[in-house]
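# Kindly generate the corresponding structure for this input.
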Amino acid sequence: MKLVQIKDTQNPAGHFTPAVVSEAGIVYISGQVPVDYKSGKIITGDLETQFRQVLKNLKAALESTGADIDDILKVTILVADGNDWYQINQIYKNFMGKHKPARTIIPVLPLHNGYKVEIEAIAELKKDKK
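All right, here's what the predicted structure looks like:
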């Protein structure tokens, strides 16, 4: 197993690793929240602003492992307000493009630090990237 930090960022405040790659090439991305990992600043604002940062963090975590968006097998999205499902779906659809991995959206209250959204993912490295 390989523990992976996101490139050019501070270590997480919590007791976790941002990404783990198994010997089989399965990539597990820890929950990504609306924090600018380079500065450590929490991104406040509306759902769209926060979710765009979360997706940016997801992409950075994937790239740190050698994976990319098209390698994602499953996504779990935690959202603080179930009424935001449609907006989450639209932003997510634009981010993913034609790629449609398995996905679950779960409304939960409250998320840490008042975050509106958090995302975790499972991906698989292509054979040439293992």
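# Endpoint to endpoint, stretch 63-78 covers what distance?
22 Å (Cα to Cα, to the nearest Å).
# Average pLDDT for that stretch, rounded please.
Averaged over stretch 63-78, pLDDT sits at 97.
# Give the buried residues for that stretch.
64-67, 69, 71-72, 75, 77-78 (16 or more other Cβ atoms under 10 Å). To be clear about C-beta, it is placed using only N, CA and C from the backbone, and glycine gets the same treatment.
# what's the farthest-apart pair in these?
Greatest spacing in the buried residues of stretch 63-78, by Cβ to Cβ: 66 and 78 (25.8 Å).
# Okay, and which of the buried residues of stretch 63-78 map to helices?
Applying DSSP state H to the buried residues of stretch 63-78, the entries found in helices are 64-65.
# In strands only, show me the buried residues of stretch 63-78.
In this view, the buried residues of stretch 63-78 that belong to strands under DSSP state E are 72, 75, 77-78.
# Nearest residue to the residue nearest to the spatial centre of the chain in space, ignoring adjacent ones along the chain?
Closest to where the C-alpha atoms of the chain average out (Cα atoms, centre = their mean) is residue 58, at 3.4 Å. Excluding the flanking residues, the one nearest residue 58 by Cβ to Cβ, 6 or more residues apart in numbering is residue 32, at 4.9 Å.
# In the chain, where is pLDDT below threshold?
Applying pLDDT under 70 to the chain flags the ranges 129-130.
# just the strands in it please.
Under DSSP E, the chain gives strands at 2-4, 19-21, 26-32, 35-36, 41-42, 72-79, 102-107, 117-124.
# any idea of the angle the third one forms with strand 72-79?
In this structure, strand 26-32 runs at an angle of 20 degrees to strand 72-79, with axes from the mean of the first three to the mean of the last three Cα atoms, to 10 degrees as the basis.
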